[in-house]
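K.L.:
Okay, predicted coordinates and the sequence, questions at the end:
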Amino acid sequence: MLSGGPSLPYRGRTEKRFEKFIVRPAIDRHKHPSTTTRPHSGTGLFLTSLLGGVGHARRMGELLFIGLGLHDDTDIPLRSLDAARASDRLFLDTYTSILPGLDRTRLAAAVGRPVEPAGRPDVEGGEAILEAASRGRAALLVPGDPMTATTHLDLRLRAHARGIPTRVFHAASILTAAAGVLGLHAYKFGPAVTIPRPQRSYRPSSPYERLAENRSRGQHTLALLDTGEGTDPLPAAEALRFLLSLCR
């Protein structure tokens, strides 16, 4: 079972950081329905709108987070596809997750423009993405749902700190699909875990500890495996051997 999500402590920190902005509901319902935010100086609550895009008082850039779904380029929702086609520059996240059946050439043909791969330095650093978003409409194409990884939450916060509006286009995620595929009940899952590629100097015990805690409460555990930056994902058998080594 592969997936994961931000822990409760991280969400708490995220909410506090978002208190620096007031986010107002969208007013233009002719744009693609999405989660829309507009940064605004001051204090207030973080609000989201599912009604449409943002109408801006002045011309500015925009950063879109577009989910691609679970398997390949045919999983992308139609509204997300339209949003990608309307973007000036497209980045494909190859770091936080992978689409096993993705054909990058076919994806570029579907959106009608080049798709630039964005690895770990590009997504975590984010400078090229934010610079493109400050000059026009930039989009980060993300496997699964775009707001699952804490990396994307951080990038969105930095966009708001620079006055760049953002919109989120959700898509299918393994967080919801795994339970249905396995015939399990979604409400019976405890906190997810991430299993990193074990190294001589890095063998964290937290994945095993979290799994044991969930089991003691009678809960299932959803585990996200190291993606190897999209080129060398951690095999499930190796992840299991690593977990077994922690309980010896």
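P.N.:
That came through fine. As the structure is a prediction and not an experimental result, all values here were calculated from the model.

K.L.:
so what's the residue nearest in space to the middle of the chain up against?
P.N.:
Most central in the chain under CA atoms, centre = their mean is Pro146, positioned 2.9 Å from the mean C-alpha point. With contacts defined as CB atoms under 8 Å, 6 or more residues apart in numbering, Pro146 is in contact with 65-67, 140, 152, 168-171. All C-beta atoms are positioned from the backbone trio N, CA, C, and that covers glycine.

K.L.:
Buried ones from these, can you make that a ChimeraX selection?
P.N.:
Those of those that count as buried under 16 or more other CB atoms under 10 Å are selected in ChimeraX with:
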select :65,66,67,140,152,168,169,170,171
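
K.L.:
Closest one of the contacts of Pro146 to Leu243?
P.N.:
Distance ranking of these against Leu243, using CB to CB, places His152 first at 26.9 Å.

K.L.:
Now do the strands in the chain.
P.N.:
35-37, 62-67, 89-93, 115-118, 137-142, 166-169, 193-195, 223-225 (DSSP state E).

K.L.:
what sits against His71?
P.N.:
Counted by CB under 8 Å, 6+ apart, His71 has contacts 99-101.

K.L.:
Now the buried members of the residues you listed.
P.N.:
Buried members of the contacts of His71, counted by 16+ other CB under 10 Å: Leu99.

K.L.:
would you turn the contacts of His71 into JSON lines with distance to Arg120?
P.N.:
Below are the contacts of His71 laid out as JSON lines (distance: CB to CB, whole Å):
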{"residue": "Leu99", "distance to Arg120": "17"}
{"residue": "Pro100", "distance to Arg120": "19"}
{"residue": "Gly101", "distance to Arg120": "22"}
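
K.L.:
Please convert the contacts of His71 to TSV, extending it with pLDDT.
P.N.:
Below are the contacts of His71 laid out as TSV (pLDDT from 0 to 100):
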residue	pLDDT
Leu99	88
Pro100	86
Gly101	90
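
K.L.:
Kindly state the beta-bridge partners for the residue nearest to the residue nearest to the centre of the chain when sequence neighbours are not counted.
P.N.:
Among residues not flanking Pro146 along the chain, Phe65 sits closest, at 3.7 Å (CB to CB, 6 or more residues apart in numbering). Phe65 has these beta-bridge partners by DSSP bridges: Leu140, Val168.

K.L.:
For Phe65, give its distance to Arg89.
P.N.:
Separation of Phe65 from Arg89 (CB to CB, to the nearest Å): 14 Å.

K.L.:
any common contacting residues for these two?
P.N.:
Common neighbours of Phe65 and Arg89 (CB under 8 Å, 6+ apart) are Ala139.

K.L.:
Pick out the most distant pair among the contacts of Pro146.
P.N.:
Farthest pair in the contacts of Pro146, by CB to CB: Leu140 and His170, 13.5 Å.

K.L.:
per-residue pLDDT, the closest residue to Val142 other than its chain neighbours?
P.N.:
Excluding the flanking residues, the one nearest Val142 by CB to CB, 6+ apart is Asp93, at 4.8 Å. For Asp93, the pLDDT comes out at 95.

K.L.:
Next, count neighbours for Asp93.
P.N.:
28 (other CB atoms under 10 Å).
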